[in-house]
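> Quick one: sequence and predicted model below, then my questions.
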Amino acid sequence: MILGYIIMVFPAIASVSLFFIFLVFLYDKHKKCKRPTLRYVALFTFIGYCLSLVYLTILWYYPDITFHPKYRFYNIQPFIWVSETYEMGLKKMMQQLVLNIGMYIPYGLLLPVIFKKLRKISTHLTVVFLTTFSIEMVQYIIGRSSDIDDVIMNFLGGILGYILYRMFDHIFQEKNGWKKIINSSI
């Protein structure tokens, strides 16, 4: 899965991200707005992350995942995995939970770096929740599984990402590179 992503998907996502950054650069140049290079790197990373998130949660195809299953699976009972591990087994279930948390840590970190309005914890957490909830709803609509535990774990990852942002902001607040990225936020 990871190797296939790196070989086939990552180059396409990086190219699309680079195209969007080029458009932002041209727009900034037209508006005579001078942004630091690190700001473009942060934007490139955020766009690439968002495209990767959409690919991995909505578009990713794997032989045992189909867009038109005979039945749709959804779980609205939180933490059911504690008593039931479904067919995948406990080890695979724990791996999935950790990956769901880890998948949203970059999102929680990058949101307040890119968007000034999302530095307020309540606004930040609202956006993280709405993002993960929306992805789960789209997954259900297109015939994939939908699970409240995924929402909870993704949300927890978003919280951890925000905590990392606050730590970085505290540690690097006097560093020029960090100031340039943060002060040129949207």
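It's in. Residues are numbered from 1 along each chain as shown.
> contacts, neighbours, all on C-alpha from now
OK.
> which residue ranges form the strands in the protein?
Along the chain, the stretches classed as strands by DSSP state E are 74-75, 146-147.
> Leu23: how many residues sit nearby?
Other residues lying near Leu23 total 12 when counted by other CA atoms under 10 Å.
> From the centre of this protein outward, give me the first residue you hit.
By CA atoms, centre = their mean, the mean C-alpha position of the chain lies nearest to Tyr107, the distance being 4.1 Å.
> Now tabulate the strands of the chain in TSV and tack on distance to Asn154 and mean neighbour count.
As requested, the strands of the chain are exported to TSV (distance: least, CA to CA, whole Å; neighbours: other CA atoms under 10 Å):
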stretch	distance to Asn154	mean neighbour count
strand 74-75	15	14
strand 146-147	11	20
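> So for Leu99, which of these sits nearest?
Ranking these by proximity to Leu99 (CA to CA) places strand 146-147 first, at 14.1 Å.
> Please work out which residues outside that closest one touch it.
With CA atoms under 8 Å, 6 or more residues apart in numbering as the contact definition, strand 146-147 has outside contacts at 73-76, 136-137, 139-140.
> check contacts around Leu18.
Counting by CA under 8 Å, 6+ apart, Leu18 makes contact with Phe44.
> Need the pLDDT of it.
According to the prediction, Leu18 has pLDDT 95.
> Equivalent analysis for the one 10 residues further on, please.
Looking at Asp28, its pLDDT is 89.
> got a pLDDT number for the closest residue to it other than its chain neighbours?
Here the nearest residue to Asp28 in space, its sequence neighbours aside, is Lys34; by CA to CA, 6 or more residues apart in numbering that works out to 6.7 Å. Model confidence at Lys34, expressed as pLDDT, equals 83.
> Ile121 now?
According to the model, Ile121 carries a pLDDT of 94.
> Now do it against Val128, distance only.
With distances defined as CA to CA, to the nearest Å, the gap from Ile121 to Val128 amounts to 10 Å.
> Please identify which of these two sits among more neighbours.
Comparing Ile121 with Val128 by other CA under 10 Å, the one with more neighbours is Val128, at 24 against 14.
> show me what contacts the residue nearest to Phe115 when sequence neighbours are not counted?
Nearest in space to Phe115, with sequence neighbours left out and distances taken as CA to CA, 6+ apart, is Ile186 at 4.9 Å. With contact taken as CA under 8 Å, 6+ apart, Ile186 is in contact with 114-116.
> quick check, nearest of the residues you listed to Ser15?
Sorting these by distance to Ser15 puts Ile114 at the head of the list, at 20.0 Å, by CA to CA.
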